[in-house]
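Colleague: Curious how this folds, go ahead:
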Amino acid sequence: MTTKLLAGQDVEVDGEGFLVDPSQWNEEVARAMAKEEGIDTLTDKHMQVINFMRSEYMAKGTAPNIRSLGKTSGVSVKELYQLFPKGPAKLAAKLGGISKPHGCI
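Modeller: Next up, the predicted model:
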């Protein structure tokens with residue numbers, strides 16, 4: 001694990017850059033992580049997906065996979081790939097400060 005400065009805050013991240021402690025997350029951390037991933041601006045749609053991911057993770061202990069995300073988040077799979085081009089479920093989880101969904105490589 002590594003300590004990283006994001007949005008003026010020291011956070012612990014794993015080898016892939018996912019937050020180790022979801023309680024260290026806030027929207028400014030998400031915005032800083034997004035910039036590192038090549039997403040200059042997090043839109044309302046981005047935040048809808050990120051907040052949905054966090055909500056599902058907090059309720060169930062795991063993040064939804066891409067199929068589930070496309071069916072239940074209110075954002076289509078096609079749109080998810082437009083918003084998060086490097087892999088929607090994985091990147092949305094990362095920006096949401098939660099662990100990688102099962103099945104993501």
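
Colleague: residue ranges with poor pLDDT in this structure?
Modeller: Where the chain drops to pLDDT under 70, the residues are 102-105.

Colleague: For the protein, which segments count as strands?
Modeller: All strands of the chain, identified by DSSP state E, fall at 2-6, 9-13.

Colleague: what does the last one contact?
Modeller: Residues outside strand 9-13 that contact it (C-beta atoms under 8 Å, 6 or more residues apart in numbering): 1-5, 19-21, 24, 26, 28-29. Backbone N, C-alpha and C define where each C-beta goes, glycine included.

Colleague: what's near enough to touch P64?
Modeller: With contact set as C-beta under 8 Å, 6+ apart, P64 has these partners: 52-53, 56, 72-73, 89, 101.

Colleague: which of the strands of the chain sits most buried?
Modeller: Stretch with highest mean neighbour count among the strands of the chain: strand 9-13 (a mean of 15; mean count of other C-beta atoms under 10 Å).

Colleague: Alpha carbons of that strand, as CSV, please.
Modeller: C-alpha atoms of strand 9-13 as CSV (Å, rounded to 0.1, in the frame of the first residue of the first chain):
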residue,chain,number,x,y,z
GLN,A,9,-5.5,14.9,1.2
ASP,A,10,-3.2,11.9,2.0
VAL,A,11,-5.0,8.7,1.1
GLU,A,12,-3.9,5.0,1.1
VAL,A,13,-4.1,3.3,-2.2
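
Colleague: where's the closest residue to A7 other than its chain neighbours relative to K35, distance?
Modeller: Leaving out its chain neighbours, the residue that sits closest to A7 by C-beta to C-beta, 6 or more residues apart in numbering is E28, at 3.8 Å. Distance of E28 to K35, computed by C-beta to C-beta, to the nearest Å: 11 Å.

Colleague: And the helices in the chain?
Modeller: Ranges of helices within the chain are 27-36, 44-60, 66-72, 77-83, 88-95, based on DSSP state H.

Colleague: and the ones you listed as TSV, adding distance to D14?
Modeller: Converted to TSV, these look like this (distance: least, C-beta to C-beta, whole Å):
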stretch	distance to D14
helix 27-36	13
helix 44-60	15
helix 66-72	21
helix 77-83	23
helix 88-95	10
